[in-house]
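Novice: Pasting a predicted model and its sequence here:
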Amino acid sequence: AQSVAQPEDQVNVAEGNPLTVKCTYSVSGNPYLFWYVQYPNRGLQFLLKYITGDNLVKGSYGFEAEFNKSQTSFHLKKPSALVSDSALYFCAVRDSSTGGFKTIFGAGTRLFVKA
Amino acid sequence: GAGVSQSPSNKVTEKGKDVELRCDPISGHTALYWYRQSLGQGLEFLIYFQGNSAPDKSGLPSDRFSAERTGGSVSTLTIQRTQQEDSAVYLCASTPGGGEPYEQYFGPGTRLTVT
């Protein structure tokens, strides 16, 4: 069965500093990996995904994520954080080997960017 | 175009009552998902529908929960004999479906409160 772990409930970073939100996963086959963001009082929005190919994936709002197969990780990164990046971030995984669409989300990491 | 819509946006019900939550996916999207987000928790997968295939119900927490999708479009999640632990935000998402790992488009959610 697939699973996702976001080891940090909360990440604090100063504006202008780089940020990393961690995600590790477990699947039987090859993973499809996703990051979503939930701003206060707004719905979940897609940020980026990894399907295959280049391990570094670039997405919306200057975010990127690096797929590391050996470490089964897909950490979200941004070179310079903005106060407006403060939100709840979810990592999600779908197992490509099952042929199904079931997608499992992590517990979420709350990002606080301080001015 | 129109996004995923859900109704009602808020529902307060008494313990033991049945409730129905509705989801209208994006037109043409063949895959539809239901998730539950409890306060301070991540997204818990409940069920997904893909085209005419049998739904994956593996995430439904008990037999009090059921869902159907009529005509491959609108979906209804029904919770019978509601309990206080059912209080959560219920999110619906849709994707174009098929074999591609498309990102999910989320609705605004239905906040269910069981008193």
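Specialist: That came through fine. Residues are numbered from 1 along each chain as shown, chains lettered A, B, ... in the order given.
Novice: Quickly find the element holding the spatially most central residue of chain B.
Specialist: Centroid-nearest residue in chain B: B:Trp34, 3.1 Å away (criterion: C-alpha atoms, centre = their mean). Under the criterion DSSP states H and E, the helix or strand holding B:Trp34 is strand B:31-37.
Novice: pLDDT of that strand, averaged?
Specialist: Mean pLDDT, strand B:31-37: 95.
Novice: Can you name every helix or strand that that strand contacts?
Specialist: strand B:43-50, strand B:75-79, strand B:88-95 (3 or more C-beta pairs under 8 Å, 6 or more residues apart in numbering or on different chains; DSSP states H and E). To be clear about C-beta, it is placed using only N, CA and C from the backbone, and glycine gets the same treatment.
Novice: Quick check: residues of chain A near chain B?
Specialist: A:6, A:32, A:34, A:36, A:43-46, A:49, A:51, A:90, A:92, A:94, A:96, A:99-108 (C-beta under 8 Å from any C-beta of the partner chain).
Novice: Where in the chain is the helix or strand with the lowest mean pLDDT?
Specialist: If you meant another chain, say so; for now it's chain A. Least confident helix or strand, chain A: strand A:103-105 with a mean of 92, by mean pLDDT, DSSP states H and E.
Novice: right idea, wrong chain: chain B
Specialist: Quick look at chain B via mean pLDDT, DSSP H and E: least confident is strand B:43-50, a mean of 92.
Novice: and that one, anywhere near chain A?
Specialist: Yes - if you take C-beta under 8 Å from any C-beta as the test, strand B:43-50 does meet chain A, through B:Leu43, B:Glu44, B:Phe45, B:Tyr48, B:Gln50.
Novice: Could you find the closest non-adjacent residue to the last one?
Specialist: Counting by C-beta to C-beta, 6 or more residues apart in numbering or on different chains, B:Ala31 is the residue found nearest to B:Gln50 once chain neighbours are left out, at 4.7 Å.
Novice: residues near the one you found, how many?
Specialist: 20 (other C-beta atoms under 10 Å in any protein chain shown).
Novice: again with B:Gln50
Specialist: So B:Gln50, with other C-beta under 10 Å, has 20 neighbours.
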